[in-house]
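# Return atomic coordinates for the entry below.
(one chain, ligands or ions: 1)
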Amino acid sequence: MPRLEEYISIVGLSIIDDLKLLSEKLKGKVIQNINSTSVGGGVAEILNRMVPLLRELNIDAKWEVIKGGEDFFEVTKRFHNALHGREEEITPKDFDIFMEVSQRNIEDMKLYGDIIFVHDPQPIALVKNKSRIPDSKWIWRCHIDVSNPNMRVWNFLKEFIVQYEASVFSSPSFAQRLPIRQFLISPSIDPLSDKNKELPDNIIHSVLKKYGITKDKPIITQVSRFDYLKDPLGVIEAYRRVKKYIDCQLVLAGGTATDDPQSEEVLNKVKEKAGKDKDIHILLIPPKSDMDINALQRAATVIVQKSIKEGFGLTVTEALWKAKPVVASAVGGIPLQIKHKYSGLLCHSIDGAAFAIKQLLNSPSYAKKLGENGREHIRQNFLLTRHIRDYMLLFLSMYHNEDIVYL
Ligand code: UDP
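Next up, the predicted model:
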């Protein structure tokens with residue numbers, strides 16, 4: 001894991017000094033993070049990278065994981081989908097399973113933090129134990145897009161949320177009406193992780209070779225799960241409209257089925273639509289291929305994220321950090337990252353995407369400028385160090401008057 005000082009060359013000394021100053025004010029406080037898995041998924045990834053840095057800052061950050069069997073996680077997965085607004089049948093038995101397992105965790109989990117930082121819905125019911133440690137401050141961190149949740153699931157969770165001191169959401173559009181304090185803290189990427197660190201050209205070339213891609217024509221790339229909401233079919237359509245004028249190739253890179261039964265169907269539709277076009281590369285990327293993703297993003301001439309709906313859109317963050325010109329839909333957290341015509345191009349349709357891609361391919365210096373601005377915007381706002389700073393301010397605000405601290 002990188003040490004704090006390794007970030008100085010990226011974000012500057014003053015940012016790291018600020019972190020040290022803030023951390024002194026939290027001296028002696030134990031921050032107990034609780035989530036549902038230590039590996040896989042964005043929450044675990046962030047905690048994995050953040051907890052060691054907090055500890056290096058002399059903050060006593062701990063991390064516990066609740067226990068649950070397959071049936072519990074099957075239920076929480078459906079809660080997750082329902083919170084995202086997807087049609088899901090949730091039965092009374094599902095709520096019973098959730099409560100049974102939560103009760104076991106309530107009995108088993110040792111709670112000792114000054115601040116108990118609970119991530120996502122799976123461990124949310126632990127707050128029932130709040131009175132056992134009277135001075136503790138409880139924060140619920142929602143990493144999910146709950147802008148349009150299934151109300152049955154949301155109302156069920158709300159019974160617990162209101163018992164927390166504060167809640168944290170990733171984007172203004174995800175916030176909900178709640179009688180407790182709400183903080184908006186966007187996610188971040190780690191510039192020193194395998195997915196984002198600088199890569200030498202020979203590694204990029206070997207990854208391209210592995211996937212059978214050559215750099216003889218411009219590469220348009222979208223990295224995304226094969227999901228209709230990421231609109232891979234629309235990307236192919238946009239590419240075709242560009243290809244009429246500029247000879248180019250398309251890379252659609254994404255993971256296989258995993259927990260989404262529909263991804264197989266989407267992948268087949270994508271293959272069917274691509275037909276025999278040798279310039280369309282549909283790449284199935286195995287999980288944990290961070291360096292491959294990094295290389296594919298770095299090899300791209302233009303990166304596209306033509307989502308119909310989006311959470312924060314970390315692929316856009318990753319692409320901008322690599323100073324790539326990006327064309328992306330104005331949905332979810334993407335407009336927080338791309339200021340149109342300054343740090344990328346926003347689009348609202350297939351035609352719009354095709355027009356923007358053409359514009360970038362035809363004007364390399366404009367594309368370069370957008371990419372550079374994008375990288376700077378990410379440096380200022382969406383790197384791990386800013387995330388740590390926001391969390392420390394959040395923790396401190398638990399000990400101050402409600403009116404004083406706004407993030
Ligand atoms: N990703 C990956 N492999 C894939 C497709 C995506 O590692 O085959 C990564 C991608 O680099 C990004 C994350 O998964 O870090 C996707 O996050 P995003 O917010 O863009 O979309 P989500 O999949 O959460 O809707």
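# can you pull out the strands in this structure?
30-35, 60-65, 115-119, 137-141, 166-169, 181-184, 219-223, 249-254, 280-284, 302-305, 326-329, 345-347 (DSSP state E).
# Relative to the ligand, which of those is closest?
strand 249-254 (4.3 Å; C-beta to the nearest ligand atom). Placement of C-beta: from N, CA and C, glycine included.
# and the angle for that closest one with strand 219-223?
10 degrees (axes from the mean of the first three to the mean of the last three C-alpha atoms, to 10 degrees).
# do strand 249-254 and the ligand meet?
Yes - residues of strand 249-254 contacting the ligand under C-beta under 6 Å from any ligand atom: residue 254.
# Show me the residue at the heart of the protein, geometrically.
Nearest residue to the geometric centre of the chain (C-alpha atoms, centre = their mean): residue 314, 4.7 Å.
# these two touch, right, that one and residue 42?
Yes - with contact defined as C-beta atoms under 8 Å, residue 314 counts as touching residue 42 (7.3 Å).
# what touches both of these two?
Shared contacts of residue 314 and residue 42 (C-beta atoms under 8 Å, 6 or more residues apart in numbering): residue 187.
# residues contacting the residue nearest to the centre of the chain?
So residue 314 contacts 42, 187, 189 (C-beta under 8 Å, 6+ apart).
# Just give me the closest of those residues to the ligand.
Using C-beta to the nearest ligand atom, the contacts of residue 314 come closest to the ligand at residue 42, 6.6 Å.
# if we can go back for a sec, of the contacts of residue 314, buried ones?
187, 189 (16 or more other C-beta atoms under 10 Å).
# want to try JSON lines for the contacts of residue 314, with pLDDT and distance to the ligand as columns?
Conversion of the contacts of residue 314 to JSON lines gives the following (pLDDT from 0 to 100; distance: C-beta to the nearest ligand atom, whole Å):
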{"residue": "42", "pLDDT": "81", "distance to the ligand": "7"}
{"residue": "187", "pLDDT": "93", "distance to the ligand": "8"}
{"residue": "189", "pLDDT": "96", "distance to the ligand": "8"}
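# re the thing from before, using JSON lines, lay out the strands of the chain together with mean pLDDT.
Formatted as JSON lines, these follow (pLDDT from 0 to 100):
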{"stretch": "strand 30-35", "mean pLDDT": "97"}
{"stretch": "strand 60-65", "mean pLDDT": "97"}
{"stretch": "strand 115-119", "mean pLDDT": "98"}
{"stretch": "strand 137-141", "mean pLDDT": "98"}
{"stretch": "strand 166-169", "mean pLDDT": "96"}
{"stretch": "strand 181-184", "mean pLDDT": "95"}
{"stretch": "strand 219-223", "mean pLDDT": "98"}
{"stretch": "strand 249-254", "mean pLDDT": "97"}
{"stretch": "strand 280-284", "mean pLDDT": "97"}
{"stretch": "strand 302-305", "mean pLDDT": "98"}
{"stretch": "strand 326-329", "mean pLDDT": "98"}
{"stretch": "strand 345-347", "mean pLDDT": "98"}
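# How many residues are close by residue 241?
By other C-beta atoms under 10 Å, the residues close to residue 241 number 15.
# wait, isn't it in contact with residue 351?
Yes - contact criterion C-beta under 8 Å: residue 241 and residue 351 qualify, at 7.1 Å.
# which regions of the stretch 51-200 of the chain sit below the pLDDT cut-off?
For the stretch 51-200 of the chain, no stretch has pLDDT under 70.
# in it, which spans are helices?
70-83, 92-108, 151-161 (DSSP state H, counting those that start in this stretch).
# Take those helices and write them to a markdown table, including distance to residue 16.
Output for the helices of the stretch 51-200 of the chain, formatted as a markdown table (distance: least, C-beta to C-beta, whole Å):
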| stretch | distance to residue 16 |
| --- | --- |
| helix 70-83 | 35 |
| helix 92-108 | 37 |
| helix 151-161 | 34 |
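# Flag every residue of the stretch 51-200 of the chain that's near the ligand.
Counting by C-beta under 6 Å from any ligand atom, the stretch 51-200 of the chain sits next to the ligand at residue 195.
# what sits against residue 137?
Contacts of residue 137 (C-beta under 8 Å, 6+ apart): 114, 115, 116, 165, 166, 398, 399.
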